[in-house]
Every structure is written in structure tokens, then in C-alpha cells.
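Chemist: Sequence below, structure please.
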Amino acid sequence: MFKKLFGKKEEQVTVEEEEVKAPVTGELVALEDVPDPTFSQKMMGDGVAFKPTDGTFVAPVSGEVVNLFPTKHAIGIKSQAGVEYLLHIGLETVALDGEGFEAHVKQGDKVEVGDKLVTVDLELVAEKADTISPLVITNEISSLDKADPQSVVKAETAVLTVHTK
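Modeler: Numbers count the residues shown, from 1 in each chain. Below you'll find the predicted structure:
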């Protein structure tokens, strides 16, 4: 309040490094191993992917839901550090037109790490598409450190460290 009264500019917090948690429980997979060239060739951005063993997807970072596709198969989150993440649940899942997907957030919602985003019927998706789920960064960053392929637990296992400067 005093800053507004006395005309001082509010200082913006600059985060130089951001830790990203697994959005789902399962296996961490190298993005290059995703059987879709859009992701494996990093056309959408760099990141990692997951073979989920659980159908509950949670926020991997704290931030704002900037995009929830009408088919609920993909979610865009802008983190507090300004990094833009795209979580794409399954491959070829846009064709399911939302079948088997239940969203728990909407565009504009603020989320914290671990907040439930979408629940997915993995059996249905496995029958009609592929459950492998990429998480990519869609804007420019300085560098990215990735965890090695391993078993991961949603909201607990660190999978990426993003360097913004």
C-alpha cells in the first residue's frame, strides 16, 4: 500500500531456476523416445514425457492455467517464473473429443504444485490412443536439466530444473 501512496514501483521477483515436479505417477521417459515426431523432434518445445500408471494429473508447477483445450487432453500453465508449460495427456487423444477426461480446473485458475488438473480413464485411452504424456516448455528459456528415466510420483519427484537466466 505504501508503495502505491508514495509512487514507488513494486519490485518484481525474478526467479532464475524453477524445479518442475512430475504431473503424474508412472515412468519418466525421454522426450526423444515419444512415438510422435511433433514431440520427439521438439517441434513444440523441449521437455520430458511420462507413461502414467495413475489417471490423475496434477500441476507440476505453481502458476496459472492459461489454456485448457475443450477436449481436456492438453493444458497450458504459465508458472510464477514466467515459464510456459504444455501438458499433453496421451498421443492422438484430441480425437477422443474429451471422452474419458474430466477437468478439475478452468482457464484462469491459479494452481499450486500438486493441485488436481485432469482425471483420465487410462484404460479407455490405452484402447483408443496412446497414454504416453509429454510435458514441454513452449517459450524461450536459458537452459534445462532433465532427470534420468525413472519411476516418478506425482507432485513429489523432480523431473526438470528450468534455468530462466
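
Chemist: for the chain, what spans make up the helices?
Modeler: Ranges of helices in the chain, per DSSP state H, are 2-5, 37-40, 122-128.

Chemist: Kindly present these as TSV, with separate columns for distance to Lys146, mean pLDDT and mean neighbour count.
Modeler: Every residue, glycine included, has its C-beta placed from N, CA and C. Below are those laid out as TSV (distance: least, Cβ to Cβ, whole Å; pLDDT from 0 to 100; neighbours: other Cβ atoms under 10 Å):
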stretch	distance to Lys146	mean pLDDT	mean neighbour count
helix 2-5	39	46	8
helix 37-40	14	96	16
helix 122-128	24	96	15
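
Chemist: right, so of the ones you listed, which gets closest to Ala147?
Modeler: Proximity to Ala147 (Cβ to Cβ) singles out helix 37-40 among the helices of the chain, at 17.3 Å.

Chemist: Can I get the closest one as CSV, trimmed to CA atoms?
Modeler: Only the C-alpha atoms of helix 37-40 are listed here, as CSV (Å, rounded to 0.1, in the frame of the first residue of the first chain):
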residue,chain,number,x,y,z
PRO,A,37,7.7,-36.6,-34.2
THR,A,38,5.9,-33.4,-33.1
PHE,A,39,7.2,-34.1,-29.6
SER,A,40,10.3,-36.3,-30.2
